[in-house]
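Student: Fold the following.
(2 chains)
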Number of protein chains: 2
Amino acid sequence: MERGRPLIRQISLDKYYRLMNTGPTVLVSARAGGRSNVMAAAWAGIVDFAPTPKVSVVLDKATYTRELIEQSGYFGLQVPVVSQVDMVAALGSRSGRNDPDKVAHCGAALFYPEKFDVPLVRGCAGWMVCKLIPEPHNQQEHDLFIGAVLDAWADDIVFDGHWKFDSAGPQWRTLHHVAGGHFYAIGEEVTARS
Amino acid sequence: MERGRPLIRQISLDKYYRLMNTGPTVLVSARAGGRSNVMAAAWAGIVDFAPTPKVSVVLDKATYTRELIEQSGYFGLQVPVVSQVDMVAALGSRSGRNDPDKVAHCGAALFYPEKFDVPLVRGCAGWMVCKLIPEPHNQQEHDLFIGAVLDAWADDIVFDGHWKFDSAGPQWRTLHHVAGGHFYAIGEEVTARS
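Tutor: Numbers count the residues shown, from 1 in each chain, chains lettered A, B, ... in the order given. Okay, the predicted model is just below:
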């Protein structure tokens, strides 16, 4: 999608779940009526990988991104990294409702994948385009949105179906939000004996 | 709950979400009809913190723990740590359906909190007791179970409302599952500028 680095590759849908299996904080993006927006979300996860790859994300009723998803029926999920921590914190604290330039003001740059009118944020480790599975009760009662993953990509420097944190360097580690502007980066590999 | 270390303290329900906000792999425990079981789950997360603290967890139809939760209406969620990685991998690969001693065979020891007939696993960083919020459609269609958090505790060595990974040492870092027996430990703190 860009020349030189980063080299962005499509990820097969039987491997996409590894992008989120470790519980990183994600960015949620959407576009409707000519407006694009991005928010940060710590409460996102995998729901299924087969036969339909599915994700869930909790979206507060106050968020503008939620409104765009309800209008368009699509959203992007992407996994940001340590080098983007200030951008992620800003995307999680400002609202796009009253700031049409929120995305730029937070230091994020968007691109659009082929075939989907869903904005994605440059510089992340991986991206997914999802189609909302409408669940009015979940959305209203639990603020819980479920989507089917249609396509996924990752930056080859850090993920090629397996995470490559050791070779990619510390700036490419995923972010795991605690509270406020405080995160932990993902750390060392630990392998069970058997 | 035990003399000397570990010192287990109750966590106020406005702080419990920090136990899972960083996306750790969890252990899910339940008891019904005189049988207790524990399984590992990477697909668990927070759904809300107020007014009702809520969590979600994906439980495959094949799991015996799911059956116990459907019978009792309660479950435990706990956050295991690096020193428990072999136990966590074993709890995630064996089934309790055909092995009444699965828990012991995996090297786990149970305890019971006051007031709740819900088994919890010793040696974890934190624990929650949850009451199932019955959602038959979610359970059947998405294998998704939502629970209200009734009470939460943590081992003071590693969590007192804030994570204390630096002082607790590497064996107390949380586990984040990728696939198979491969995990990452949570890593270094990263704080946004603003």
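Student: ok, residue A:117 touching residue A:32?
Tutor: No: at 9.1 Å, residue A:117 and residue A:32 do not qualify as touching, with contact defined as Cβ atoms under 8 Å. C-beta: built from backbone N, CA, C; applies to glycine.
Student: which of the two has more neighbours?
Tutor: residue A:32 (17 against 13; other Cβ atoms under 10 Å in any protein chain shown).
Student: From residue A:118, how far off is that one?
Tutor: Distance of residue A:32 to residue A:118, computed by Cβ to Cβ, to the nearest Å: 10 Å.
Student: got it, and residue A:41?
Tutor: Taking Cβ to Cβ, one finds residue A:41 at 16 Å from residue A:118.
Student: Identify the residue nearest residue A:122 in space, chain neighbours excluded?
Tutor: Counting by Cβ to Cβ, 6 or more residues apart in numbering or on different chains, residue A:122 lies nearest to residue A:109, which is 4.5 Å off, once chain neighbours are set aside.
Student: For the one you found, what are phi and psi?
Tutor: As for residue A:109, its main-chain torsions (degrees, to the nearest 10) stand at phi -120, psi 140.
Student: Which pLDDT does the model give it?
Tutor: On pLDDT, residue A:109 comes in at 98.
Student: Kindly report the same for residue A:4.
Tutor: So residue A:4 comes in at 51 (pLDDT).
Student: for residue A:50, same thing?
Tutor: Residue A:50 carries a pLDDT value of 87.
Student: how about it, what does it touch?
Tutor: With contact taken as Cβ atoms under 8 Å, 6 or more residues apart in numbering or on different chains, residue A:50 is in contact with residue A:14.
Student: ok, now how distant is it from residue A:101?
Tutor: Taking Cβ to Cβ, one finds residue A:50 at 40 Å from residue A:101.
Student: Dump the longest strand anywhere in chain A to PDB, restricted to CA.
Tutor: Ranked by residue count and defined by DSSP state E, the top strand of chain A is strand A:144-155. The C-alpha trace of strand A:144-155 is given here as PDB (Å, rounded to 0.1, in the frame of the first residue of the first chain):
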ATOM      1  CA  LEU A 144     -21.600  -4.600  22.700                       C
ATOM      2  CA  PHE A 145     -21.000  -4.700  19.000                       C
ATOM      3  CA  ILE A 146     -20.200  -7.900  17.100                       C
ATOM      4  CA  GLY A 147     -18.600  -8.000  13.600                       C
ATOM      5  CA  ALA A 148     -17.700 -10.600  11.000                       C
ATOM      6  CA  VAL A 149     -14.100 -10.100   9.900                       C
ATOM      7  CA  LEU A 150     -14.000  -9.700   6.100                       C
ATOM      8  CA  ASP A 151     -10.300  -9.200   5.500                       C
ATOM      9  CA  ALA A 152      -7.100  -8.700   7.500                       C
ATOM     10  CA  TRP A 153      -3.600  -7.300   6.900                       C
ATOM     11  CA  ALA A 154      -0.500  -6.800   8.900                       C
ATOM     12  CA  ASP A 155       2.800  -5.100   8.600                       C
END
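Student: Run the angle between it and strand B:144-155 for me.
Tutor: Going by axes from the mean of the first three to the mean of the last three Cα atoms, to 10 degrees, strand A:144-155 is angled at 80 degrees with respect to strand B:144-155.
Student: how about strand A:144-155: buried residues?
Tutor: Buried residues in strand A:144-155, counting neighbours by 16 or more other Cβ atoms under 10 Å in any protein chain shown, are found at A:144, A:145, A:146, A:147, A:148, A:149, A:150, A:151, A:152, A:153, A:154, A:155.
Student: Tell me where chain A has helices.
Tutor: A:64-72, A:85-93, A:102-105, A:136-137, A:165-168 (DSSP state H).
Student: sorry, back to before: any common contacting residues for residue A:32 and residue A:118?
Tutor: residue A:72.
Student: on that earlier part again, in terms of neighbours, single out the busier of residue A:41 and residue A:118.
Tutor: Using other Cβ under 10 Å as the criterion, residue A:41 and residue A:118 rank with residue A:118 on top: 25 against 20.
Student: Pretty sure the more buried one sits against residue A:129.
Tutor: Yes: using Cβ under 8 Å, residue A:118 is in contact with residue A:129, at 5.0 Å.
Student: Mind listing the shared neighbours of the two?
Tutor: Joint contacts of residue A:118 and residue A:129 (Cβ under 8 Å, 6+ apart) are A:74, A:75, A:76.
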